[in-house]
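Novice: Fold the stuff below for me.
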Amino acid sequence: MAGNKLASYLGLARRAGKLTLGVNAVAASKGDVFLLVADEAASDNTKKEIGKLQKRFGCPVVWTESLESLTGKAECKLTAVREKNLADAILRSDGTV
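Specialist: Down below sits the predicted model:
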């Protein structure tokens with residue numbers, strides 16, 4: 001998936017209020033999470049936390065480069081997509097994140 005396409009989907013989710021930015025914010029989420037989008041450059045400890053969150057929410061993780069540039073938030077290593085149709089669209093895309 002081209003970075004522009006992923007950025008578009010994440011932008012749509014953000015404008016709809018269905019995107020949570022940051023590991024701590026995702027960990028504090030109480031509602032449904034349909035997809036996690038994580039930065040490949042995350043630290044080992046952050047990757048362990050992402051694995052725990054994946055198990056907790058029972059959703060897939062898409063790994064990408066430069067997540068902070070895709071979301072516009074500095075030091076952002078994880079986002080949660082809380083809208084099923086957008087999460088499905090990201091997963092259906094060609095997968096070359």
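
Novice: Tell me what the residue positioned nearest the centre of the chain is bridged to.
Specialist: The chain has residue 37 as the residue nearest its centroid, 2.3 Å off, counting by Cα atoms, centre = their mean. The partner list for residue 37 in beta bridges (DSSP bridges) reads residue 62, residue 79.

Novice: Contacts only, for it.
Specialist: Counting by Cβ atoms under 8 Å, 6 or more residues apart in numbering, residue 37 makes contact with 6, 10, 61-62, 64, 67, 78-81, 90. Any C-beta I mention is one placed from the backbone N, CA and C, and that applies to glycine too.

Novice: Surely residue 13 is in contact with residue 81?
Specialist: Yes: assessed by Cβ atoms under 8 Å, residue 13 is found in contact with residue 81 at 5.2 Å.

Novice: what do those two both touch?
Specialist: Residues touching both residue 13 and residue 81 by Cβ under 8 Å, 6+ apart: residue 19.

Novice: Show the buried residues in the contacts of residue 37.
Specialist: Buried residues within the contacts of residue 37, counting neighbours by 16 or more other Cβ atoms under 10 Å: 6, 10, 62, 64, 67, 78-81, 90.

Novice: out of these, who's nearest residue 48?
Specialist: Nearest to residue 48, judged by Cβ to Cβ, of these is residue 78 at 12.1 Å.

Novice: re the thing from before, mind giving me TSV with the buried ones among the contacts of residue 37 and columns for pLDDT?
Specialist: Formatted as TSV, the buried ones among the contacts of residue 37 follow (pLDDT from 0 to 100):
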residue	pLDDT
6	89
10	92
62	94
64	93
67	92
78	97
79	96
80	97
81	97
90	93
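
Novice: For those residues, give me TSV that also has distance to residue 21.
Specialist: Converted to TSV, the buried ones among the contacts of residue 37 look like this (distance: Cβ to Cβ, whole Å):
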residue	distance to residue 21
6	14
10	9
62	15
64	14
67	9
78	8
79	5
80	8
81	11
90	16
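
Novice: What is the nearest of the residues you listed to residue 31?
Specialist: The closest of the buried ones among the contacts of residue 37, once distances to residue 31 are taken by Cβ to Cβ, is residue 80, at 9.4 Å.
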